[in-house]
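> Next come a sequence and a model predicted from it.
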Amino acid sequence: MNRRDFLFATGISLLAGRELVRTVVDEKQKTIRHDAYNHLKDYVYPIKSKWKYDYSSEKNLEGRGVMIDENTFMTVAHVVDGSHSRERFMGMYVEIPLDVKTKEFSVNNIKLEEILIDRDNDIAIFNVPYNTFLQGGLKVFPYPRSDDVQVGDKVFIIGDAKLKGPMIRESYVSSVGRYQGRYTKNCFAINTGVVRGSSGTPVVNERKKLVGLVASVVQYNLTFAKKIMWEDMLF
């Protein structure tokens, strides 16, 4: 084989290799997109909380969250926290502690045990009875958790439109940093908006990793997601 034929054959091989890689990547992205739009919504569960106070008053709250392992349910704190009331005083909103008598938490009528409700970091963790998992009551989210979030990463938000049903968003991470504020601390920004009711719903990346939970919407085209590696927030 002369030099010209060798270079030609090498070029053909390189092109074929690139095409194969492109095909594999395309197929992987199709699989992730198919999961996001068709299957992952089945791993997002409604969590309800009931808070009772003095004078026979009570408050019922509802949000969304996921099972991060066989015994642990995770969501954002503001969808289940009824320990304070938010009142307007002299042109400002202030949070007033309430005299809580009892509080109950449940997912699909399964009672949960509170492990942590961290209002400052906006994270809530609950223990799920182990026999519930064995009986197939709640399924662990199929993607592993990861703190690997980079600007430009493609992500899918498995949202919930006004707590009435799944609404999927597909976008990119636009910023990663330690933002200030209760609903944006330890978050990353996504350049798309979500419908009210999506707090606590999962955010996954194209590498099939669970990287966050929806925390807040700043405006119609910007969403903050809480990093899923909550252990790093507390220590």
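Noted; the coordinates are in hand.

> Now for the nearest residue to Lys164 once chain neighbours are set aside, how many residues are close by?
Among residues not flanking Lys164 along the chain, Gly197 sits closest, at 7.2 Å (Cβ to Cβ, 6 or more residues apart in numbering). Using the backbone N, CA and C atoms, a C-beta is placed for each residue, glycine as well. Neighbour count of Gly197, defined by other Cβ atoms under 10 Å: 20.

> How about His39?
The number of residues near His39, taken as other Cβ under 10 Å, comes to 11.

> Need the phi and psi values for it.
phi -120, psi -40 (degrees, to the nearest 10).

> I'd like the numbering to begin with 23 instead of 1 from here.
Renumbered: residue one is now 23, and that last one reads His61.

> Please tell me how far it sits from Leu138.
Using Cβ to Cβ, to the nearest Å, we find His61 at a distance of 29 Å from Leu138.

> Return the set of buried residues in the helix or strand hosting Lys81.
For Lys81, the host element (DSSP states H and E) is strand 80-91. Using 16 or more other Cβ atoms under 10 Å as the burial criterion, the residues of strand 80-91 that qualify are Gly85, Arg86, Gly87, Val88, Met89, Ile90.

> mean confidence for it?
For strand 80-91, mean pLDDT rounds to 93.

> tell me how far the ends of stretch 216-224 are from each other?
12 Å (Cα to Cα, to the nearest Å).

> can you check stretch 88-96 too?
Start-to-end, stretch 88-96 (Cα to Cα) is 6 Å.

> Run through who's touching that stretch.
When contacts are defined by Cβ atoms under 8 Å, 6 or more residues apart in numbering, stretch 88-96 is touched by residues 65-67, 69, 87, 97, 129, 134, 137, 145-150, 152, 155, 160-163, 167, 222, 224, 232, 235, 250, 252.

> Out of the residues you listed, which end up buried?
Looks like the contacts of stretch 88-96 have 65-67, 69, 87, 97, 129, 134, 145-148, 150, 155, 160, 162-163, 167, 222, 224, 232, 235, 250, 252 buried, using 16+ other Cβ under 10 Å.

> Which parts of the chain are helices?
25-60, 152-156, 253-256 (DSSP state H).

> Let me see the mean pLDDT of the first one.
Model confidence over helix 25-60 averages 57 on the pLDDT scale.

> for stretch 95-104, same thing?
Across stretch 95-104, the per-residue pLDDT values average to 94.

> any idea how far that stretch is from the chain center?
Computed by Cα atoms, centre = their mean, to the nearest Å, the chain-centroid distance of stretch 95-104 equals 12 Å.

> circling back: is it correct that the residue nearest to Lys186 is in contact with Asp182?
Yes: here Gly219 reaches Asp182: they are 5.2 Å apart, a contact under Cβ atoms under 8 Å.

> any common contacting residues for the two?
Arg86.

> Residue ranges of each domain in this structure, please.
Domains of the chain are assigned by automatic domain parsing as 25-60, 65-156, 176-256.
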